[in-house]
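> The sequence and its predicted three-dimensional model are supplied below.
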Amino acid sequence: MRRKEIIPTPKTKFVRVRCPECSQESIIFNAAKSEVKCKHCDEVIATTTGGLANITAEIIEVIE
Ligand SMILES: [Zn+2]
């Protein structure tokens, strides 16, 4: 009998955020591999930590 290996994967999802600078909404990926900037004003709204992104903007909604 073989047992199935369960490999844990980090939860990646899209989140809707509000930029603290211009209050415009953006949809960003929470496992971004690089810095994410607001497309409206160029403010950095998420930084990468090597794994999940560190989102500095206000999260409005998590899109599953
Ligand atoms: Zn902005």
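Arrived safely.

> all contacts plus neighbour counts: C-alpha atoms, from now on.
OK.

> Give the helix, strand or coil label for Ile27.
Under DSSP: H, G, I helix; E, B strand; the rest coil, Ile27 falls in the strand class.

> who's it bridged to?
Arg16 (DSSP bridges).

> per-residue confidence at it?
Ile27 carries a pLDDT value of 95.

> With Asn30 instead?
In this model, Asn30 carries a pLDDT of 91.

> again, but for Ile59
Here the pLDDT value assigned to Ile59 is 96.

> Settle this for me: it is touching Pro20, isn't it.
No. Using C-alpha atoms under 8 Å, Ile59 is not in contact with Pro20, being 10.4 Å away.

> got the contact list for the residue nearest the centre of the chain?
In the chain, the centroid-proximal residue (C-alpha atoms, centre = their mean) is Asn30; its distance is 1.9 Å. Residues near Asn30 by C-alpha atoms under 8 Å, 6 or more residues apart in numbering: Thr12, Lys13, Phe14, Val15, Leu52, Ala53, Asn54, Ile55.

> cool, Val36 as well?
Listed by C-alpha under 8 Å, 6+ apart, the contact set of Val36 reads Ile28, Val44, Ile45, Ala46, Thr47.

> For the ion, state which of the contacts of Asn30 is nearest.
Ile55 (13.4 Å; C-alpha to the ion).

> Relative to Glu5, how far out is the closest one?
Computed with C-alpha to C-alpha, to the nearest Å, the distance linking Ile55 and Glu5 is 32 Å.

> the more surrounded of these two?
A direct count of neighbours by other C-alpha atoms under 10 Å for Ile55 and Glu5 places Ile55 higher, at 21 against 6.

> which residues touch that one?
Asn30, Ile45, Ala46, Thr47.

> now, among these, which is nearest to the ion?
Ile45 (8.0 Å).

> What count of nearby residues applies to that closest one?
Neighbours of Ile45 using other C-alpha under 10 Å come to 23.
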